[in-house]
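Engineer: Quick check, what structure comes out for this input:
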Amino acid sequence: MQYPRLDRFFGLTNSGTTVGREVVAGLTTFAAMVYCVAVNPMIMAEAGMDRASVLSATCLIAIFSTTLMGLLANLPLGVAPAMGSNVVFAIILVKQMGVPWQAALALVCLTGVIFMIMSLTRIRERIAHDIPDTLRIGIQVAVGLVIMFIGMRNSGFVVASPSTFVTMGSISSPKVLMTLAGFILTPVLVVRRIPGALILSIIALTVAGLFFT
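Structural biologist: Sure thing, here's the model as predicted:
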C-alpha cells in the first residue's frame, strides 16, 4: 500500500525506507522506551514528588517532544525524560544533598533554558563536535548500564548483598528467569539480523510473562 503524501512529507523514498518499515521501527522504539513511563515516576517518587503527577508529565513530555522531533526535524527519534538525569535529580540532589525537590526542579528548568539558548545559537553543536568520541561513547554506555541495573534490580535479577554490594537473585524466581531469557534471546535475534528483533523479543517476553510471572 502506497502513501504518497507521507512519502513526500517525510522524504521516505529518498531516505531508502518505506511506511511499513517506519511503522515497525516506531513500534520498536515505543516498546524499547515505554519503560520510562513506569521507571521515571518510581525514581522521582524517591524525591518526594507525587507519582501520579510525574506519570502524567512523563507521558505528555514524551508525546509532545517526539511529535515535534518527527514533524519539525524529520528525524526518527523518540524523546522522553532522561533516565540518567532523574537518578542525579532524585538520589544525589534531593536525597543526598538535601535540596528540596521544588528547588531542584527550578534548577532543571534553568538548565533547560540555558540548553535551549545554546541550541539556538549553535553553541551546543560546536561543543558536541569537540567532545571526543571515546567520551561520547562512554557516556552512552554509562547511561545504558544505569538503565540495565535498574531493570535487573526491579526484576530481582540482582539483590543487595552486605559483602559484595549486589548478588544474583534466586534462579528459581520467574522474574529472574524471564530476565535471563531476555539477555539471551535479544542478542541472538539481533546478531541473526531478524527484522524487528527488539520488538519481537519484547513481545515474546511480555506474552511469556503473562503466564509465568
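Engineer: Low-confidence regions, the protein specifically.
Structural biologist: Applying pLDDT under 70 to the chain flags residues 1-2, 164-169, 213.
Engineer: The chain: helices as residue ranges?
Structural biologist: In the chain, the helices defined using DSSP state H lie at 4-10, 19-33, 35-45, 51-71, 83-87, 101-120, 123-130, 133-155, 174-191, 197-212.
Engineer: Residue 93 is nearest to which of the ones you listed?
Structural biologist: Nearest to residue 93 among these is helix 101-120; the distance by C-beta to C-beta comes to 4.6 Å. Yep, even glycine has a C-beta here, placed from its N, CA and C like the rest.
Engineer: how about the closest one: buried residues?
Structural biologist: Under the neighbour-count criterion of 16 or more other C-beta atoms under 10 Å, helix 101-120 has 101, 104, 105 buried.
Engineer: Roughly how far does the residue nearest to residue 118 when sequence neighbours are not counted sit from residue 115?
Structural biologist: Distances taken as C-beta to C-beta, 6 or more residues apart in numbering place residue 124 nearest to residue 118, at 4.2 Å, with adjacent residues excluded. Here the criterion is C-beta to C-beta, to the nearest Å. By it, residue 124 lies 7 Å from residue 115.
Engineer: one step back: could the buried residues of helix 101-120 be laid out in CSV, adding distance to residue 19?
Structural biologist: CSV is the format used below for the buried residues of helix 101-120 (distance: C-beta to C-beta, whole Å):
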residue, distance to residue 19
101, 43
104, 42
105, 40
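Engineer: Please identify which of the residues you listed is nearest to residue 71.
Structural biologist: residue 105 (27.9 Å).
Engineer: residue contacts, the closest one?
Structural biologist: By C-beta atoms under 8 Å, 6 or more residues apart in numbering, the contact list for residue 105 is empty.
Engineer: hang on, residue 91 packs against residue 46?
Structural biologist: Yes. Assessed by C-beta atoms under 8 Å, residue 91 is found in contact with residue 46 at 6.7 Å.
Engineer: Now do residue 47: how many residues are near it, please.
Structural biologist: Other residues near residue 47 number 20, with proximity taken as other C-beta atoms under 10 Å.
Engineer: what does residue 40 give?
Structural biologist: Counted by other C-beta under 10 Å, the residues lying close to residue 40 total 24.
Engineer: roughly how far apart are residue 56 and residue 97?
Structural biologist: 27 Å.
Engineer: out of these two, which sits in the busier spot?
Structural biologist: A count of neighbours by other C-beta under 10 Å puts residue 56 above the other of residue 56 and residue 97, at 12 against 9.
Engineer: separation between residue 23 and residue 30?
Structural biologist: Counting by C-beta to C-beta, the gap from residue 23 to residue 30 is 11 Å.
Engineer: So for the protein, which residue is the most central one in space?
Structural biologist: residue 33 (4.4 Å; C-alpha atoms, centre = their mean).
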